[in-house]
Structure formats: C-alpha cells, structure tokens
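Asks: structure, please.
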Amino acid sequence: MIGAIFVATRGSRQRALYFQLCGSFGLSVFLIVIGFIKSYNLSILILILLGLFMILFNTTSNSILQFNSPDDMRGRIMSVYSLVFGGLTPLGSIYAGTLAKYFGANNVFIISGIMGFIGFFILFTRRRSLV
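Replies: Just a heads-up that it's a prediction; the model follows:
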C-alpha cells in the first residue's frame, strides 16, 4: 500500500521507470543478501526490505502498463499481467522447490537474485526505448 501511494504521488513515466529500475535492483540485491544470512533476526529485516522493493517493482510495472496501454486494450493487457504475476506462481514454486531440494534454500535465493540481475540489466539497457 505504501509503495502504491509513493509511486502514485510521483506521476511521470520517466520516474515510474526509474522506480521500476530501483525496485528490480533492490529486489535482486536483497535476494542475494538473504542467501548469505544465517541470523534469524537479520533475515527478518532483510525480508522487510525485500518486500518493499518487490512492492515498488510490482506497483511501477502495473502503472507503466496502464500508462502505455490504449483504453480499448487495457482490460486484456491487465488480464495478461494478472496471469503472469499471479497465475504463474505455482510454476515458481516448482522451480524454487526443485532447486532447493538439490542445491539448498540459501542457494535458491542467490540464484534467483542473479536471475533478477539479468532482468534488471535487460531493463536498464533498454530504458531509453521504453520512455
């Protein structure tokens, strides 16, 4: 909720892309960091920060899609967005569970953070064409 209010008050498309980049970068960093944490109390703090950046990324992704979609296609686009972000969760669970079985849960966080950095890098290199 706080992330949505924060993004909504900032307004422009360029800032939305900036917040999306910050969200994806922070999400990737804290996924890797939590893979190395052994302390329960510190992991709670890292999970809070991880959730903040996840909300920032998801909120700005939703906003950017709605800003850039034509009015007559917005419902269809948002249904695909809902499918990708919500409907593919079981596949992500299979991915995480299978990797955790063979490599350990901490390594899954690190691998997912590295995959997030790859997505961040792609988004960062294409940022000028997206604004």
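
Asks: count the residues that sit near the closest residue to Ser61 other than its chain neighbours.
Replies: Spatial nearest neighbour of Ser61, chain neighbours left out: Gln20 (6.1 Å); criterion: C-beta to C-beta, 6 or more residues apart in numbering. Heads up, the C-betas are built off the backbone N, CA and C, glycines and all. Gln20: 24 surrounding residues under other C-beta atoms under 10 Å.

Asks: Gln20 against Asn58, yeah?
Replies: No. Look at Gln20 against Asn58 with C-beta atoms under 8 Å: they stay out of range, at 9.4 Å.

Asks: returning to that earlier point: alpha carbons of the helix or strand encompassing the residue nearest to Ser61, as CSV, please.
Replies: Under the criterion of DSSP states H and E, Gln20 resides in helix 13-36. What follows is helix 13-36, C-alpha atoms only, in CSV (Å, rounded to 0.1, in the frame of the first residue of the first chain):
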residue,chain,number,x,y,z
ARG,A,13,6.5,8.0,-16.9
GLN,A,14,10.3,8.6,-16.5
ARG,A,15,10.0,8.5,-12.7
ALA,A,16,7.9,5.3,-12.9
LEU,A,17,10.7,3.7,-15.0
TYR,A,18,13.3,4.9,-12.5
PHE,A,19,11.3,3.4,-9.6
GLN,A,20,10.9,0.2,-11.6
LEU,A,21,14.7,0.0,-12.1
CYS,A,22,15.2,0.8,-8.3
GLY,A,23,12.7,-1.9,-7.4
SER,A,24,14.3,-4.6,-9.6
PHE,A,25,17.8,-3.7,-8.5
GLY,A,26,16.9,-3.7,-4.8
LEU,A,27,14.9,-6.9,-5.1
SER,A,28,17.9,-8.7,-6.8
VAL,A,29,20.4,-7.3,-4.2
PHE,A,30,18.3,-8.4,-1.2
LEU,A,31,17.6,-11.8,-2.7
ILE,A,32,21.3,-12.4,-2.9
VAL,A,33,21.9,-10.9,0.5
ILE,A,34,19.3,-13.2,2.2
GLY,A,35,21.0,-16.2,0.7
PHE,A,36,24.1,-15.5,2.8
